[in-house]
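> I would like to see how this sequence folds:
(2 chains)
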Protein chains: 2
Amino acid sequence: MVWLYFVIFLGACLAAGATGAIFPPGPWYRSLDKPRWTPPNWLFPVAWTTIYICMAAAGARAAISGQGTLALVLWSLQIALNGLWTPVFFGLRNIRGGMLVLSLLWLSVAVTMLALWQADWIAGLLFLPYLGWVSVAGALNLSVLRRNPETAANPPKLER
Amino acid sequence: MVWLYFVIFLGACLAAGATGAIFPPGPWYRSLDKPRWTPPNWLFPVAWTTIYICMAAAGARAAISGQGTLALVLWSLQIALNGLWTPVFFGLRNIRGGMLVLSLLWLSVAVTMLALWQADWIAGLLFLPYLGWVSVAGALNLSVLRRNPETAANPPKLER
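From the prediction side, this is the model:
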């Protein structure tokens, strides 16, 4: 059963992660003023692939632990927020909206990690790279927000 | 605890549903050849609000049932796919891609409903409007695909 859970959770991760393929970083992102510590573009898919596998494993462990109900419910919340950031930031090019989504995502990941930890400490540990990466992404989003006040205040009107 | 679960699930629904506000139907959608039975635009948010409340209630009931583990895992999968359709269809304007996502969504909703039913039949019942509406949306996506073969075969290159 643990493998079935793992595969289902991995499917959910891929669905959320597909937004990254739908809205890849293009000229607009390149044109933004970014901090020197911005991770290179190639690192994002590598990091996310690793994190998705850990997330799915964490969910599967919580599912078989017999005490993971709250963790499983929270897992749903964080995956829905996970899939929302890219459409807001890269789809709408809304840097402030991205910051809002990322803050909610960070909070939901942190709370999910705590709930996972209570059900199964290895599951909690498996969420640590995720929380770390979302922290980096949040710091990057915030830095981009501060360095590009004009663009942040006036998100482009996109053709509908 | 059931209310906490309900609120968390509702938050996940709102995160997935936010994509509908991000990519609202505009001139491109209006320009498509659609069947006579296409629901009016105002009905979509009304239907989704109702369905989201039912979905959250279904998830919360499964969570307290004590036998809803598989249903909870599947709930995560369907919400991730739920948030993916709008970015593909309205964001990318990819009618074929939308059809693929909608087929996967329909399947995941159907399987989640079965798993919910086994945990708590009222929870299963609460997913029925969702499955019905996704069936309508799937039929609409398919009809749009058939009526607009040119647009479907050549999704517009969007500025990145």
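
> and residue A:79, what helix or strand is that in?
Following DSSP states H and E, the helix or strand that holds residue A:79 is helix A:69-86.

> Quick check: the gap between the residue positioned nearest the centre of chain A and residue B:128.
Nearest residue to the geometric centre of chain A (C-alpha atoms, centre = their mean): residue A:82, 4.1 Å. In this structure, residue A:82 and residue B:128 are separated by 28 Å, where distance is defined by C-beta to C-beta, to the nearest Å. Where you see a C-beta, it was placed from the backbone N, CA and C, and this is true even at glycine.

> Could you do residue A:7 as well?
Separation of residue A:7 from residue B:128 (C-beta to C-beta): 26 Å.

> tell me the mean pLDDT over stretch A:131-139?
Over the span of stretch A:131-139, the pLDDT mean works out to 98.

> again with stretch A:63-76
Rounded to a whole number, the mean pLDDT of stretch A:63-76 is 97.

> ends of it, how far apart?
The separation between the terminal residues of stretch A:63-76, taken as C-alpha to C-alpha, to the nearest Å, is 13 Å.

> Mind listing residues that contact stretch A:14-25?
Contacts of stretch A:14-25 with the rest of the structure, by C-beta atoms under 8 Å, 6 or more residues apart in numbering or on different chains, involve A:41, A:44-45, A:48, A:52, A:79-80, A:82-83, A:85-87, A:90-91, B:77, B:80-81, B:83-84, B:87-88, B:91-92, B:104, B:160.

> what does stretch A:143-154 give?
With contact meaning C-beta under 8 Å, 6+ apart, stretch A:143-154 is reached by A:32-35, A:93, A:95-96, A:99.

> Just the buried residues of that stretch, please?
Neighbour-count burial for stretch A:143-154, with 16 or more other C-beta atoms under 10 Å in any protein chain shown as criterion, is recorded at A:143-145, A:151-152.

> Now for these: which two are most distant?
The widest separation within the buried residues of stretch A:143-154, taken as C-beta to C-beta, falls between A:143 and A:151 and amounts to 13.2 Å.

> Could I get the full set of helices for chain A?
For chain A, helices defined by DSSP state H occupy the ranges A:2-22, A:27-31, A:43-65, A:69-86, A:95-119, A:121-126, A:128-147, A:149-153.
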